[in-house]
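Student: Take a look and give me a structure for this.
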Amino acid sequence: MANVVPVDAWSTGEWYPGYKPEFFDMPWIVDPAGPFRPGDENAFWFLDFHWSRGLTPLGATLWSGDGYCWGTQHAAESLPLPPGRGVSARFAGTHLYGSALPETDPAQIEARAGRIATNLPHFLQNYRSIWEGGRDELENTWSQFRAVDFTQVSGDDLPNLLVKARRYHKRSMEIHFGVMYPMLANFLGFYGACADMGINPNEIGKFLQGENTKIMETDRLLYALAMKARAAGLEPVFEAHQGSQLRAALGRHGGAASTWLTEFDDFLQVYGWRAEATCDVGVPAWIEDNTIPLDLVKTFLQRGDAHDFEAAARNAWTEREEAIENARAGLTREEQAVFDAGLASNQEANFPWWQDDHNYYIDLKVMLPLRWGCQELASRVKADRSDDLLYLFWPELIDVATGEKPYDAGLRGLVDARREYFDEWHGRRGEMPKVLGTIPENVEDPILIEIFGLNPHSIRAVQDPEAAVQTVMSGVPAAKGTARGIARVLQSSDELHRLEPGAILVCESTSPNWTPAFGKIAGCACDGGGMLSHAAIVGREYGVPTVTAIGVATLSIADGDEIEVDGSSGTVTVLRRAAEVAASAPVAERTEEVTA
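Tutor: All right, here's what the predicted structure looks like:
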């Protein structure tokens, strides 16, 4: 009998204060988004790690509608994917759950397999022009928005600008998933062929590592800025202030600090157009709020030895070549021909590389023009806060922008109530079930397995009533090596400043906004994520022992525990609990912690 985790608590029809079902009337292909509804317990739903803060009403409207329910379904139907029709989305409070939409009709599966057999080779032969064309299209649109002074846009034109900003996001999702799905299908075909030939599945991800990405480039330059701050004697300024205070403190310091700030601002003009969340209009970019990049510089300075990015890149490349050579050595000549052809195809259309690189062009910045438009509208209607209009659903926002509905006391009160609702649910993230609905014995959707890490082991783990007291956990051995250190259990990348050098990062999973952490941590343990997840890819590139798809890392491990991560065997062990670690700390250190 199937195990069912009820959705009744969230399928009552109640959601954000003032929510109406018509607020989610938007195009969809297979299944529309919305809060949970009766009958949803018949599907399998997973808590999506990308939005651990939760989503505001506007963010929920846009990502679930334009991203999951248009982007994925459009791409899965266009390619098509034989067994799957994309992803749908539901909300429990502010937290998003996804569900793969299966194709169960055998005749349709056969017909779709025939279509992908024709369409996939065409994509692979033209991969570079397809991706670069889509990327350049988005960059051109981005440049157009950057050229707009939102404060000078006329009242009549502002609603049109908001619509254009949403179209930019929606088009980015079509390009995103239109490239992602065929690349992933190609990789999984190669993966399956390797497994059939007896190649260790844990080695296959290594065959494509060692490639530079725009996200890694950002890391290196930010780290270089930290080293320049050290050379300029600015470490005491960084040590004495938190990220929110650092800009002003450096400005007051003058001299070398002013020179450093000029270089920092030059860096932000190129790399600062990124928010600390995937396609979330509710989160500011680095260039809007310098707190996070300055905090990252501060924590880089706390590391005594410099992280050698070049050595890490060389090691990743060497490991890649050795893994390929070892794999080929165990194959027959005929198998080598199959392996070589699949490897060449995947090196040309390199999914792990693209999975990280595309975020610079899409995920981390495509919501920013809409955010700017909402902030300008908030200023014009004299909202209490610049982000108040992010607590409106899309139809409400357009009504305010066009003057159809005044931003009066009623809407202001609704915004306040929704902000309180958001804050309440943000605090409940740690208690949200990892999975809901009908739990399958096996997961077949490749995205759920390889990116979200939803395999039979991780699914069983999250249902274990003893999970909270486990001291030995297992998952996917994503990046080899062993590391021991103090666990820092983080809910979102907003907390990256809490990671001291040598700490072990424990989280639901990571996305590109977490990448700077890998230049200072000793190891990483994630609830989710497969071999193609961000944590796995960056862990291998940076030489950081990483275990993903544990299922219960954030439940079984407490902040301050001493743990060991074995990225070769895929195990994580709690060596000492936080209380024991604290009790054994030197008296001076304990006193400092109490004072802090």
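Student: these two touch, right, Ala478 and Gly528?
Tutor: No. Between Ala478 and Gly528 there is no contact under Cβ atoms under 8 Å: 11.2 Å. Just so you know, the C-beta spots here come from the backbone N, C-alpha and C atoms, and that holds for glycine as well.
Student: tell me which residues of the helix or strand hosting Arg247 are tucked away?
Tutor: Using DSSP states H and E, Arg247 maps to helix 243-253. Buried residues in helix 243-253, counting neighbours by 16 or more other Cβ atoms under 10 Å, are found at 243, 246-247, 249-250, 253.
Student: Name the nearest of those relative to Phe190.
Tutor: Closest approach to Phe190 among these (Cβ to Cβ): Gly243, at 42.6 Å.
Student: ok, and the closest non-adjacent residue to that closest one?
Tutor: Asp295 (3.3 Å; Cβ to Cβ, 6 or more residues apart in numbering).
Student: quick one on the thing from earlier: just checking, what packs against the helix holding Arg247?
Tutor: Contacts defined by 3 or more Cβ pairs under 8 Å, 6 or more residues apart in numbering; DSSP states H and E place helix 243-253 against helix 235-240, helix 256-271, helix 291-302.
Student: For Gly413, which of those helices is the nearest?
Tutor: helix 291-302 (29.8 Å).
Student: gap between Thr128 and Asn350?
Tutor: Small correction: residue 128 is Arg, not Thr. 11 Å (Cβ to Cβ, to the nearest Å).
Student: The two: who's more crowded?
Tutor: More crowded of Arg128 and Asn350, by other Cβ atoms under 10 Å: Asn350, with 19 against 10.
Student: need the contact list for the more buried one.
Tutor: Contact analysis of Asn350 by Cβ atoms under 8 Å, 6 or more residues apart in numbering lists 208, 211.
Student: For the stretch 251-400 of the chain, which segments are assigned as helices?
Tutor: 256-271, 291-302, 309-329, 333-348, 351-361, 368-380, 394-402 (DSSP state H, counting those that start in this stretch).
Student: ignore the last one, the stretch 101-250 of the chain
Tutor: Using DSSP H, counting those that start in this stretch, helices in the stretch 101-250 of the chain cover 106-125, 127-146, 157-196, 201-204, 214-231, 235-240, 243-253.
Student: comparing these, which gets the lowest mean pLDDT score?
Tutor: Among these, helix 201-204 has the lowest mean pLDDT, at a mean of 85.
Student: List the contacts of that one.
Tutor: By Cβ under 8 Å, 6+ apart, helix 201-204 touches 190-191, 194-195, 323, 326-327, 476-477, 531, 570.
Student: so how far does stretch 85-104 reach from one end to the other?
Tutor: 10 Å (Cα to Cα, to the nearest Å).
Student: buried residues in it?
Tutor: In stretch 85-104, counting by 16+ other Cβ under 10 Å, buried: 85-103.
Student: and Val87, that's in a strand?
Tutor: Yes. With DSSP: H, G, I helix; E, B strand; the rest coil as the criterion, Val87 is located in a strand.
Student: Now do the contacts for it.
Tutor: Neighbours of Val87 in contact, by Cβ under 8 Å, 6+ apart: 68-69, 72-73, 98-101, 447.
Student: most distant residue from the middle of this structure?
Tutor: Farthest-out residue of the chain from its mean C-alpha position, per Cα atoms, centre = their mean: Arg333, at 40.6 Å.
Student: How much space separates it from Asp340?
Tutor: Distance from Arg333 to Asp340, by Cβ to Cβ: 11 Å.
Student: before we move on, what about Gln375?
Tutor: For Gln375, the distance to Asp340 - Cβ to Cβ - is 53 Å.
Student: neighbour-wise, which of the two wins?
Tutor: Gln375 (20 against 13).
Student: Give me the below-cutoff pLDDT ranges for this protein.
Tutor: Across the chain, the ranges flagged by pLDDT under 70 are 1-2, 446, 587-596.
Student: domains of it?
Tutor: According to automatic domain parsing, the chain comprises the domains 3-151+364-431, 214-309, 469-595.
Student: Would you tell me which of those gets closest to Ala316?
Tutor: Nearest of the domains of the chain (Cβ to Cβ): domain 469-595, 5.1 Å.
Student: re earlier: and the contacts of Val87, which two are the farthest apart?
Tutor: Cys69 and Ile447, at 14.8 Å, using Cβ to Cβ across the contacts of Val87.
Student: Neighbour count: the two, which is higher?
Tutor: Cys69 (27 against 24).
Student: The more buried one reaches Pro32, doesn't it?
Tutor: Yes. Counting by Cβ under 8 Å, Cys69 does reach Pro32; the two are 5.9 Å apart.
Student: ok, Gly189 - contacts?
Tutor: By Cβ under 8 Å, 6+ apart, the neighbours of Gly189 are Gly342.
Student: How much space separates Ile287 from Phe264?
Tutor: For Ile287 relative to Phe264 (Cβ to Cβ), the value is 11 Å.
Student: Equivalent analysis for Leu208, please.
Tutor: 34 Å.
Student: Glu110 now?
Tutor: Glu110 is 57 Å from Phe264, by Cβ to Cβ.
Student: I'd guessed Thr141 sits against Tyr168; true?
Tutor: Yes. If you go by Cβ under 8 Å, Thr141 and Tyr168 touch, sitting 5.1 Å apart.
Student: residues contacting Thr299?
Tutor: 496-497, 499-501, 520.
Student: From these, which land in helices?
Tutor: Within the contacts of Thr299, no residue falls in helices by DSSP state H.
Student: So which of these is the closest to Arg460?
Tutor: For these, the nearest to Arg460 is Leu499 (29.8 Å; Cβ to Cβ).
Student: Please name the residues that touch that closest one.
Tutor: Leu499 touches 299, 488, 490, 505, 517, 520-521, counting by Cβ under 8 Å, 6+ apart.
Student: Any chance of TSV for the helices of the stretch 251-400 of the chain, columns distance to Trp51?
Tutor: Formatted as TSV, the helices of the stretch 251-400 of the chain follow (distance: least, Cβ to Cβ, whole Å):
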stretch	distance to Trp51
helix 256-271	23
helix 291-302	17
helix 309-329	29
helix 333-348	30
helix 351-361	15
helix 368-380	15
helix 394-402	17
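Student: out of the ones you listed, nearest to Ser78?
Tutor: That would be, of the helices of the stretch 251-400 of the chain and by Cβ to Cβ, helix 351-361, which comes in at 18.0 Å.
Student: and that closest one, what does it pack onto?
Tutor: Counting by 3+ Cβ pairs under 8 Å, 6+ apart, helix 351-361 packs on helix 127-146, helix 157-196, helix 214-231, helix 534-542.
Student: winner for burial among the ones you listed?
Tutor: Burial of the helices and strands packed on helix 351-361 is given as mean neighbour count (mean count of other Cβ atoms under 10 Å); helix 534-542 ranks first at a mean of 28.
Student: Show me what that one is packed against.
Tutor: helix 309-329, helix 351-361, strand 476-479, strand 523-526, strand 546-548.
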